[in-house]
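Q: need coordinates for the following:
(chains A and B, ligands or ions: 1)
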Amino acid sequence: MTRLREPRSAGPAPARTLPGGKILVVGPTGRAALLTGAEHAAFCAGLEESDPLRARLAALGIFAGAADAAALAREEVECGRLNWSGPATHVLLASVRGSAMSPQTAKDVVDFVFSTPRPTLTLEIVDEDGRGWPAAWFAAEYARRRAEWAGRGLALVFRAPAAPPPERLAFLRGRRATVRAALSADGPPEPGRLFGAERARIVIGRGARDPEGWVDALSAARFSSVSWVAAPAAARNPAAARHYARFAARALARLIDAQETSNLRDELALGLLASRPWEVPGLDLLETLAYAPDGTVFSSEEGWEIGGTAFQLGDARTLRFQDLPAHPLVPALAAALTRETQPLCADCVYRSCCQIPPSAHFRAQGTLYGRLLDSPRCLAHMAILDSIFSRLDDEKCLKLLDKWGVDSGRFTC
Amino acid sequence: MRAVARTSVPKSVYSRSSLAAAALTLGPRARVALGGDVRRWRVAVFSEGRGDAVALLGELLNEALSHSRRQARVKEVRPFAAAVVSRLLADGFPAAVFDPLEQLEPQVGRDRREETALLLERARSLA
Ligand code: SF4
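A: Residues are numbered from 1 along each chain as shown, chains lettered A, B, ... in the order given. I've put the predicted structure just below:
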């Protein structure tokens, strides 16, 4: 057993100048304070014991001796990987890219899903062309029964690019499944494209325009959440990545400004602000697993999209969850997901909440670790988090965070 | 667009292992050749596809620096990272718990299997 040394003095606290000129300072567990330039200069110069700013910053846990070490340690353990109890979201690809899953394979997949330990599971069924309906139907019915038999929580989500036929929709509603529209933001957000779904996964490509219009349309159509997903081109092309980051940040700013009227939530922002790896959408293995139509298990949907075997974990028919640590990919993912070993993340103000799926890094830059300096995903996460943290002193932003159930007290020390 | 790009970099900054790791990330997009003297590496990048060799060389050097910084960082935080990763791998993947009801009452298991078989049959008829 390795003994960790106790810190003897405070290290430098990561800081970042945000749009608007204020400076964000963050403690080791993600507690944050927004300072003026003068306050930050005083902090860097050294604060007197009696300075009120010192008491404010002490709450962040950045002064040795003045921090509640036990509380900070508790926070770190509660939010950290040691408190992980299996992936939360299981993406069953019933029909994608012209292949459809059979009901028998859907059974094998659901059986594997229920062999993972998290007490409450989300099963997201993707039926791209409608040909996966027999597998989707079976997965929904069987998963509901398995949840009931085992006394476990289950959230069913059905994802499709267009409205399912009325009888299928009635079946899904009867099973309390949430319908998630798989859309592209190329072209205007006409109401017909939203087809009465409750959630949306919207791909942002080069042609995506008018984030404010999309937010307004989704709010008016009473969507409960949206996830903006970068088009594959944004993985390698810096201009496309910047376009995506701007789109996502503007959409979030619109949400903050329109929060009184909208119940729409940004899934990525919310997942990052939760500061728990199992809530960061698409995070390989820790948040998600994906199942191809032939029953192959992947560490995430993005890992499946990349193609090849790099992110394959096995076959749902034969794979056992407890055997995963012996798979070479799993220790590699666990190491890559250790933010403290990432040179840039280690000093980044967003370290405690931000995580990038290794599959996204691999797709963009060819390594599980990524190269944060020119990482498209880091650019997007920074833009999204900047647009929230730069407004931590804005009532509208705090109201939105409260509405989303985010513990904003941690961010406004 | 250039098919070949060459440069020389100091060995004190770029280790052989970091250049090798960086070359791997270019994958089939490029071939990388390494030579040198006591103090400097001579690096040549041959584009194997449509990528510009100069851009690929830039990517290689960025990745090599990133890799060596990461190795240094890993060394700094090794006890912490090792503790977290080993705990996760040792305790994070418990075996599935069997339903005690099915074990105590075999009929429950039989009923459930029968119900599942009927569902499968119905699902197949939807095709
Ligand atoms: S990925 Fe980028 S934004 Fe996220 S913690 Fe690392 S450096 Fe910061």
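Q: which positions in stretch B:16-31 come out as buried?
A: For stretch B:16-31, the neighbour count (16 or more other C-beta atoms under 10 Å in any protein chain shown) marks B:18-19, B:21-23, B:25-26, B:29-30 as buried. For glycine as for every other residue, the C-beta is placed from the backbone atoms N, C-alpha and C.
Q: export that stretch to CSV, keeping only CA atoms.
A: The C-alpha trace of stretch B:16-31 is given here as CSV (Å, rounded to 0.1, in the frame of the first residue of the first chain):
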residue,chain,number,x,y,z
ARG,B,16,14.2,9.1,-28.4
SER,B,17,11.3,7.4,-26.6
SER,B,18,9.1,10.6,-26.8
LEU,B,19,9.9,10.9,-30.6
ALA,B,20,9.0,7.2,-31.0
ALA,B,21,5.8,7.6,-29.1
ALA,B,22,4.9,10.6,-31.2
ALA,B,23,5.6,8.8,-34.4
LEU,B,24,3.0,6.2,-33.4
THR,B,25,0.3,8.8,-33.2
LEU,B,26,0.8,9.7,-36.9
GLY,B,27,-0.2,6.2,-37.7
PRO,B,28,-0.5,5.4,-41.4
ARG,B,29,-0.4,9.1,-42.3
ALA,B,30,3.4,9.4,-42.3
ARG,B,31,6.7,7.6,-42.1
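Q: is that stretch positioned near chain A?
A: Yes - Stretch B:16-31 is in contact with chain A by C-beta under 8 Å from any C-beta of the partner chain, via B:21, B:24-27.
Q: name the nearest of these relative to chain A.
A: Proximity of those to chain A (C-beta to the nearest C-beta) peaks at residue B:25, which lies at 3.3 Å.
Q: quick check: that closest one touching residue A:368?
A: No - contact between residue B:25 and residue A:368 fails when scored by C-beta atoms under 8 Å: they sit 10.1 Å apart.
Q: can you give me the domain boundaries for chain B?
A: Using automatic domain parsing, the domain parsing of chain B gives B:3-76, B:93-126.
Q: where does the stretch 201-350 of chain A have low pLDDT?
A: For the stretch 201-350 of chain A, not a single residue meets the criterion pLDDT under 70.
Q: quick one, helices of it?
A: In the stretch 201-350 of chain A, the segments counted as helices under DSSP state H, counting those that start in this stretch are A:211-220, A:233-236, A:238-257, A:267-273, A:301-306, A:329-336, A:343-346.
Q: can I get the ones you listed in a markdown table including distance to the ligand and mean neighbour count?
A: Formatted as a markdown table, these follow (distance: least, C-beta to the nearest ligand atom, whole Å; neighbours: other C-beta atoms under 10 Å in any protein chain shown):
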| stretch | distance to the ligand | mean neighbour count |
| --- | --- | --- |
| helix A:211-220 | 20 | 19 |
| helix A:233-236 | 15 | 19 |
| helix A:238-257 | 11 | 21 |
| helix A:267-273 | 8 | 22 |
| helix A:301-306 | 15 | 22 |
| helix A:329-336 | 12 | 20 |
| helix A:343-346 | 3 | 20 |
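Q: quick one: which of those is nearest residue B:44?
A: Nearest to residue B:44 among the helices of the stretch 201-350 of chain A is helix A:233-236 (22.8 Å), distances taken as C-beta to C-beta.
Q: who in the stretch 1-150 of chain A is up against chain B?
A: Residues of the stretch 1-150 of chain A lying near chain B by C-beta under 8 Å from any C-beta: A:2-5, A:80-82, A:84-86, A:103-104, A:106-107, A:114-117, A:133-135, A:137-138, A:141-142, A:145, A:149-150.
Q: now the helices for chain B?
A: B:16-26, B:53-76, B:78-91, B:100-104, B:106-125 (DSSP state H).
Q: make a markdown table from those and add mean pLDDT to it.
A: Shown next, in a markdown table, are the helices of chain B (pLDDT from 0 to 100):
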| stretch | mean pLDDT |
| --- | --- |
| helix B:16-26 | 94 |
| helix B:53-76 | 93 |
| helix B:78-91 | 88 |
| helix B:100-104 | 80 |
| helix B:106-125 | 95 |
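Q: adding distance to the ligand, write these out as JSON lines.
A: Formatted as JSON lines, the helices of chain B follow (distance: least, C-beta to the nearest ligand atom, whole Å):
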{"stretch": "helix B:16-26", "distance to the ligand": "17"}
{"stretch": "helix B:53-76", "distance to the ligand": "12"}
{"stretch": "helix B:78-91", "distance to the ligand": "15"}
{"stretch": "helix B:100-104", "distance to the ligand": "43"}
{"stretch": "helix B:106-125", "distance to the ligand": "42"}
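Q: make a markdown table from those and add distance to residue A:316 to it.
A: Shown next, in a markdown table, are the helices of chain B (distance: least, C-beta to C-beta, whole Å):
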| stretch | distance to residue A:316 |
| --- | --- |
| helix B:16-26 | 30 |
| helix B:53-76 | 34 |
| helix B:78-91 | 21 |
| helix B:100-104 | 21 |
| helix B:106-125 | 15 |
